[in-house]
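In: Sequence and predicted structure are below.
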Amino acid sequence: MVAQTMKHTLVDSAYDRLKREILENRLPSGFQAPEPEIALRLGMSRTPVREALIRLEADGLVELVPRRGVRVLPVSPDDMREIYEILTALEPEAAARIARTRPGFSELKPLFDATMDMERAIAASDLDAWARADDLFHRRLLELNNNKRLNAMVNNLYDQAHRARMFTLRLRELPVRSTEDHREILEQMAAGHADRVRELFRDHRERAASELLSILEKYRLPQL
């Protein structure tokens, strides 16, 4: 039992470390290496690394290539278009469902905190801090639905889109409008205006998708 627990701990550690390196582009799109090299990079044996890579393949982040190791998958404009179509369909409904419950301040506090962090980051022109707060807002909102399957599916889409979002973040204007969107969505959610929340959230996602896709097409970034 102890050995089994240790194995799972090592797999989780390998998975978390590799996933973070991929999402932060330290293992960039197109990176390829044999499994022994990945294991050496992490200072682990091949067994937990192999299991971690299988999980990352299921997440859509890597591809296991026979006799060649692992390759970090690209995120193409077509991939991003599909991802944002799904997010635009699911997230506004999830937010409207929360609004219908008339959540109290304690429930919405993580969203208020994330929004304030976004506003502070905008004032400081700190795009990395803004991106972290933006990501936290969306993930905490999902958690309020108490729908594990929805959370797992949408969080996986967030992960697949993260690399492209981080790249395009510095190729567009400071995300002042996006930050204002979050504040208005949150205020309407607190007021229980479900229809207005749905409308605002859909507009927010559609505009974000348009901006991101136009940049990807302009710079022709199939490796992202």
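Out: Sure, I can see it.

In: Spatially nearest residue to residue 122 (excluding sequence neighbours)?
Out: Distances taken as C-beta to C-beta, 6 or more residues apart in numbering put residue 179 closest to residue 122, at 5.4 Å, once the chain neighbours are dropped. In this view, the C-beta of every residue, glycine as well, is placed from N, C-alpha and C.

In: quick one: contacts for the one you found?
Out: Neighbour list for residue 179: 115, 118, 119, 122, 130 [criterion: C-beta atoms under 8 Å, 6 or more residues apart in numbering].

In: where's the most centrally placed residue in the chain, which helix or strand?
Out: The centroid of the chain falls nearest to residue 158 when counting by C-alpha atoms, centre = their mean (2.6 Å). Take DSSP states H and E as the rule and residue 158 turns out to sit in helix 148-168.

In: So which bits of the helix or strand following that helix are buried?
Out: Next along the chain after helix 148-168, taking DSSP H and E as the criterion, comes helix 176-190. Within helix 176-190, the residues scored as buried using 16 or more other C-beta atoms under 10 Å are 178, 179, 181, 182, 184, 185, 186, 187, 188, 189, 190.

In: Tell me how far helix 176-190 lies from the chain's centre.
Out: 19 Å (C-alpha atoms, centre = their mean, to the nearest Å).

In: for stretch 134-146, same thing?
Out: 11 Å.

In: Distance of residue 13 relative to residue 49?
Out: Residue 13 sits 10 Å away from residue 49, going by C-beta to C-beta, to the nearest Å.

In: Neighbour count: these two, which is higher?
Out: residue 49 (25 against 14; other C-beta atoms under 10 Å).

In: quick one: residue 42 and residue 19, what's the gap?
Out: Taken as C-beta to C-beta, the span from residue 42 to residue 19 is 12 Å.

In: Kindly apply the preceding question to residue 39 instead.
Out: Counting by C-beta to C-beta - residue 39 and residue 19 are separated by 16 Å.
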